[in-house]
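# sequence first, predicted model second:
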Amino acid sequence: MALYYNLVFGLLVIEMIFFGILSLPYPRSVRRTILQTVSAPFRNEQFQIALKCILGFVGVLFIDSVNRVYAVTSELHSSTQAHPGSSIMNDRSEIQARRFYAQRNMYLCGFTLFLTLILTRTYNLVVELIATKDKVDELKHEETANVSAVNDGDSEEILKLRAQLAEKDETLELLKSQASSLNKDYDEVSELKIRK
């Protein structure tokens, strides 16, 4: 394997380790510390430029390996259609070996590029998840503080309002009973008038 494919394989291993670190279930404080540590180099502009160049180089290697796979596959098909012979069989096995290496390089570069896309999306999702959980905790804390403040400071006012509400309920019940008795009296009077 050529040196540049060894470097691509190293990049793939680094990405797999980073993805494993992102995927493990850590407590939120540990995960936040890990993300801050890991994201520190990505804030550097020179590092971002170098990373984009490396990924561009891997993309070029991927395109080249796809072209090689296509060329070797077409060469293998043309040798298969030729007349069988001992020298042709040796050439065919050599072509199959080149096809294997070209496919290996294509898969290596393709998986590296694909895992790069997955890693960036996973990293962003983990950062959003931590921010959302922090916001939910803040809202729960504020709600608890508001409830305790209502229970502590405004309890006298709440008791006064509840007493007033109880008085209004009693008055309402009294008015309902008076209305029902007046309605009953009216019905009796109207029946007497109808009989006369």
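Yep, that arrived. Remember, predicted model here, so these are calculated numbers, not experimental data.
# every contact and neighbour count from this point should use C-alpha atoms.
Will do.
# tell me what the helix-or-strand element of the chain with minimal mean pLDDT is packed against?
Ranking every helix and strand in the chain by mean pLDDT, DSSP states H and E puts helix 86-153 at the bottom, with a mean of 84. Judged by 3 or more Cα pairs under 8 Å, 6 or more residues apart in numbering; DSSP states H and E, the packing partners of helix 86-153 are helix 3-23, helix 28-39, helix 45-80.
# turn the ones you listed into a markdown table, including distance to Ala97, mean neighbour count and mean pLDDT.
Output for the helices and strands packed on helix 86-153, formatted as a markdown table (distance: least, Cα to Cα, whole Å; neighbours: other Cα atoms under 10 Å; pLDDT from 0 to 100):
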| stretch | distance to Ala97 | mean neighbour count | mean pLDDT |
| --- | --- | --- | --- |
| helix 3-23 | 17 | 15 | 91 |
| helix 28-39 | 40 | 13 | 88 |
| helix 45-80 | 10 | 15 | 89 |
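# tell me what angle the least confident helix or strand of the chain forms with helix 3-23.
Put simply, helix 86-153 runs at 30 degrees to helix 3-23, going by axes from the mean of the first three to the mean of the last three Cα atoms, to 10 degrees.
# any idea of the angle helix 86-153 forms with helix 45-80?
Using the same axes, to 10 degrees: helix 86-153 against helix 45-80 is 150 degrees.
# relative to helix 28-39, how tilted is helix 86-153?
Using the same axes, to 10 degrees: helix 86-153 against helix 28-39 is 130 degrees.
# and Gln103, how many neighbours?
Using other Cα atoms under 10 Å, Gln103 has 19 neighbouring residues.
# identify the residues contacting it.
By Cα atoms under 8 Å, 6 or more residues apart in numbering, Gln103 lies in contact with 65-66, 69.
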